[in-house]
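J.: kindly generate the corresponding structure for this input.
(2 chains)
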Amino acid sequence: MFFKPGLLENRLYLVVDDFGDMRSMIKNMLMACGVREIRLARNGSEAIELMEEERFDVVLCDYNLGAGRDGQQVLEEAKYRHLMGLGSVFVMVTAENTRDMVMGAVEYEPDSYLTKPFNKDFLKTRLEKLIAKKHNLLAIEEAVEKRNYAKAVTILDEKIAAKPANCNELRKIKGDILVNSGKLTEARTLFEEVLAIRELPWARLGLGRCSYLAEDYQQATDEFQRLKSQNPNYTPAYDWLAKCHKRVNQLTEAEEILKQAVSISPKAVPRQQMLGEVALANHHQEIAESAFTKAVHHGKHSVYKHPSNYANLARVTADNHDGAAGLQVLKQIKKDFKKDPKADFYQASAECQIHEAMGNDDLAQASLNKAAELQKSFDQIEDSDCAIELAKTYKKFGMEEESLELLKGAILNNHTDEQLMDEIKMTISSMDMDEQALGTIDTIREEVSALNRKGVELAKNGQLEEAAKLLKETSTRMPANRTVNLNIALVLLMSMEREGPSPAIIDEIKGYLARVAKADPDNNTLQKLYARLKTMLSDYV
Amino acid sequence: MNFPDILASLIHDMKNSLGLVINTIDDLGQEMQDQENPKLGTLQHEARRLNSNLITLLSLYKIDKGQLTPNIEEIDVEQFLYEISVDNQTTANNMGITVSYESEEGLVGYFDEWLMRSVINSLIGNGLRYTSSQILIHAEFVDDYLVLSIDDDGNGFPQSMIEAQSTEKQKKPQQGETQLGHYFASLVAHMHSNGEREGFIKLANNQRLGGGNFSIWLP
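T.: Have a look, this model is predicted:
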């Protein structure tokens, strides 16, 4: 009565469960629904292997999969690595007691949760509903995938205008797209309209996100606080609240909130990582050790696995216990990361610090050389975390000047990245460093902004050559800086628009834009400049 | 580990076994290809009742520990009722009872889908014992409340129960599984609030099918 016949049958299914009985039961149910193509996996690794070989339309995955990945980690990896096509359906099968645990998922949510036990008829109606829903949203997902947010919003508006039953679900998707594409005023209006009718968590969260992005941290804090008190199990409220506190340097408050969040949902790796880092800055060694232990443990089979957690755990273990225990932790990096220069870097950096504290000066020096060598080869935007890490190591080694130089470089190259500035502030406070020695973060940022402003002003006055010269000079000091690269591209574009295109300048522009695209492909200005370049070229062809 | 925690973890384990039992019974029904088999019906019905009682027990335990807060979502009510009727159909058919549902198309409600499903499944479980041939799940908006009701064509609730609901008595669990189910429904209804208004339950007789009528009012 709701659906076209044949919706289920001609599709490829994957059933993941560690219990053989359960696998064959679900398989039988699907076959009774007329499904013919079903693959079975016993655990997360098998599931991922099968997903690497074939594109599944529907994945039915149990949350509890024994040792190794759990269902959430299978989902995260599948989405992160694009192992599932647009329009495919992921259903998480849970026993009721895992429900709350699962709800704390950070970034990726399944299309549906299915609570055991369920029968064939129930499974059939649920799958029919999900497949029909995905089909209905396919054009939107495709537009988002191509970063054509305007098109996605147009399609959504058409659907919303028809006032369907799932109207608010469409509004929720629209709100996310608006926020992600920087249209905060429109997003705010949408969330407020929804909240005027009913208090819905996603809309309140959206409103808070708008305030946060508009840098109104007090307002954002109020929204998230309200959300948290109304929905004590809704962990995204905690994460955002902690982010707000971090922004305004209230690290004690941030730590408190994160402690509450991990007690509700302990398995989210990024949350444990953030708690560990904040606790380090607050000199709460015990809490940091516990958080990094969990970040490493739960991260082992997760796309959120990061060598910095291992390095931090090793250091904090060495501090809390002894150096040998810390070095023992580091051995795990080699096992868990294969041929990964970033992992090698973190290992060397942590080794250096631990050896130094143990008095093994030669070993410490060798590790330091290795770490410094590796860090030079890294991308200065994407791998800015490594610059901060190395700065910490330099400082512990007594090389204060080198440490400050690295931090300064990170600020110059990423001066608009608020989160990174927070990281640097936290680093400074965790190392008991003097911000004065650095010349203060804000002064450095202001200097970069002033240079950019001057360049743009020159360009506006028609002095394009002078503008390009100034900005290019600036760029040699901070080659990865987004704003500088975008402004150079803009000025070069303007000069071509005035004097006609030249292949050499086009290549130059593309080079500057590519530096930005690598780390921030969603950047609004970047997209606009690409479009402008394209228009200009097509005008001349 | 204290006793209630041990109990909770054991209940959880029992639920898993029961899940397999229920699915195996369903399979058996399929293999036997019988249209209606009263024995199979009893087996299915009792196993499902056990399951929904265990869920109720676990949920009450969590509510008591303050660990259960509703996860309010926007729900397509027609689809929700459709899924519940489909879920209960096989069992009911084997007992010679029909389960149907009525809802306006496009009706949207705001509630915790999983909790409400547990409540309604448990109420249908009760209904199957007391009805003579039919159960109807119905949804509509009354005075800005979403009213989900379960009607049967049995003898209805005893007068004492209907009278008791105006007093505080109804909020305390009483003897017998029916009352425990009602108590659970009442707790869950109260957990659903919108602004100043809270949800509640209501018992009545002689409504849509002439028998008992249990309704959950959600703001």
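J.: near the residue of the stretch 201-350 of chain A at minimum distance from chain B, how many other residues are there?
T.: Going by C-beta to the nearest C-beta, chain B is nearest to A:N233 of the stretch 201-350 of chain A, at 5.0 Å. Placement of C-beta: from N, CA and C, glycine included. Neighbours of A:N233 under the rule other C-beta atoms under 10 Å in any protein chain shown: 18.
J.: does it really touch B:P70, like I thought?
T.: No: A:N233 is beyond contact range of B:P70, at 9.1 Å (criterion: C-beta atoms under 8 Å).
J.: ramachandran angles for whatever residue of the stretch 51-200 of chain A ends up closest to chain B?
T.: Nearest residue of the stretch 51-200 of chain A to chain B: A:P117, at 3.5 Å (C-beta to the nearest C-beta). Phi and psi for A:P117, reported as degrees, to the nearest 10, are phi -90, psi 150.
J.: excluding chain neighbours, what is closest to it?
T.: In this structure, A:P117 finds its nearest non-sequential neighbour in B:G19, 3.5 Å apart by C-beta to C-beta, 6 or more residues apart in numbering or on different chains.
J.: ok, that neighbour - contacts?
T.: For B:G19, the contacting residues are A:95, A:116-117, B:51, by C-beta atoms under 8 Å, 6 or more residues apart in numbering or on different chains.
J.: just to be sure, it is in a helix?
T.: Yes: per DSSP: H, G, I helix; E, B strand; the rest coil, B:G19 lies within a helix segment.
J.: tally of neighbours for the residue of the stretch 51-200 of chain A closest to chain B?
T.: By other C-beta under 10 Å, 21 other residues sit near A:P117.
J.: wait, it touches B:I25, no?
T.: No: A:P117 is not in contact with B:I25 according to C-beta under 8 Å; the separation is 10.3 Å.
J.: state the helix or strand in which the most centrally placed residue in chain B lies.
T.: Computing the C-alpha centroid of chain B and ranking residues by C-alpha atoms, centre = their mean puts B:I120 first, at 2.3 Å. Counting by DSSP states H and E, the element that carries B:I120 is helix B:113-130.
J.: could you dump that helix to PDB, C-alpha only?
T.: Listed next in PDB are the C-alpha coordinates belonging to helix B:113-130 (Å, rounded to 0.1, in the frame of the first residue of the first chain):
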ATOM      1  CA  GLU B 113       9.800   5.400  18.800                       C
ATOM      2  CA  TRP B 114      11.400   2.500  20.600                       C
ATOM      3  CA  LEU B 115       9.800   3.200  24.000                       C
ATOM      4  CA  MET B 116       6.400   3.700  22.500                       C
ATOM      5  CA  ARG B 117       6.700   0.500  20.500                       C
ATOM      6  CA  SER B 118       7.600  -1.400  23.600                       C
ATOM      7  CA  VAL B 119       4.600   0.000  25.400                       C
ATOM      8  CA  ILE B 120       2.100  -0.700  22.600                       C
ATOM      9  CA  ASN B 121       3.400  -4.200  22.000                       C
ATOM     10  CA  SER B 122       3.000  -4.900  25.600                       C
ATOM     11  CA  LEU B 123      -0.600  -3.500  25.500                       C
ATOM     12  CA  ILE B 124      -1.400  -5.500  22.500                       C
ATOM     13  CA  GLY B 125      -0.100  -8.600  24.300                       C
ATOM     14  CA  ASN B 126      -2.600  -7.800  27.100                       C
ATOM     15  CA  GLY B 127      -5.300  -7.200  24.500                       C
ATOM     16  CA  LEU B 128      -4.800 -10.500  22.900                       C
ATOM     17  CA  ARG B 129      -5.700 -12.200  26.200                       C
ATOM     18  CA  TYR B 130      -8.800 -10.300  26.800                       C
END
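J.: state the mean pLDDT of it.
T.: When pLDDT is averaged over helix B:113-130, the result is 90.
J.: ditto for stretch A:262-269
T.: Stretch A:262-269 shows a mean pLDDT of 86.
J.: how far off centre is that stretch?
T.: Taking C-alpha atoms, centre = their mean, to the nearest Å, the mean C-alpha location of stretch A:262-269 is offset from the chain mean by 17 Å.
J.: might you list the low-confidence residue ranges for chain B?
T.: For chain B, the stretches flagged by pLDDT under 70 are B:1, B:33-36, B:166-178.
J.: contact partners for B:R48?
T.: When the contact criterion is C-beta under 8 Å, 6+ apart, the partners of B:R48 are B:22, B:88, B:91, B:121, B:125.
J.: which ones among those also lie next to chain A?
T.: With the criterion set as C-beta under 8 Å from any C-beta of the partner chain, the members of these near chain A are B:I22.
J.: for chain B, which residue gets nearest to chain A?
T.: Closest point on chain B to chain A, by C-beta to the nearest C-beta, is B:G19, at 3.5 Å.
J.: pLDDT score for the residue of the stretch 401-541 of chain A found nearest chain B?
T.: Closest contact between the stretch 401-541 of chain A and chain B, by C-beta to the nearest C-beta, is at A:D522 (28.1 Å). In the predicted model, A:D522 carries a pLDDT score of 78.
J.: and what about it, helix, strand or coil?
T.: At A:D522 the chain is in coil, as set by three-state DSSP.
J.: so how many other residues sit close to it?
T.: Neighbourhood size, A:D522 [other C-beta under 10 Å]: 12.
J.: who's the closest spatial neighbour of it, skipping the chain neighbours?
T.: In this structure, A:D522 finds its nearest non-sequential neighbour in A:R147, 6.6 Å apart by C-beta to C-beta, 6+ apart.
J.: what's the neighbour count on the one you found?
T.: 14.
J.: how close does it sit to A:I506?
T.: 22 Å (C-beta to C-beta, to the nearest Å).
J.: for chain A, where's the lowest mean pLDDT among helices and strands?
T.: Least confident helix or strand of chain A, by mean pLDDT, DSSP states H and E, is helix A:99-103 with a mean of 58.
J.: check which element follows that helix along the chain.
T.: strand A:112-115.
J.: give the pairing partners of that next one; include direction for each.
T.: Take DSSP bridges as the rule and strand A:112-115 pairs in its sheet with strand A:89-94 (parallel).
J.: wait, what's in contact with residue 210?
T.: Answering for chain A, as no chain was given. By C-beta under 8 Å, 6+ apart, A:C210 lies in contact with A:179, A:184, A:187-188, A:191.
J.: please refer instead to chain B.
T.: Contacts for B:G210 (C-beta under 8 Å, 6+ apart) come out as B:153, B:156.
J.: how much space between B:Q67 and A:E145?
T.: Distance, B:Q67 to A:E145, using C-beta to C-beta: 39 Å.
J.: meant to ask about B:H190
T.: Going from B:H190 to A:E145 by C-beta to C-beta gives 44 Å.
J.: okay, and the beta partners of B:N205?
T.: According to DSSP bridges, the residues that bridge with B:N205 are B:G212.
J.: next one: A:L207 from A:D216, what distance?
T.: 11 Å.
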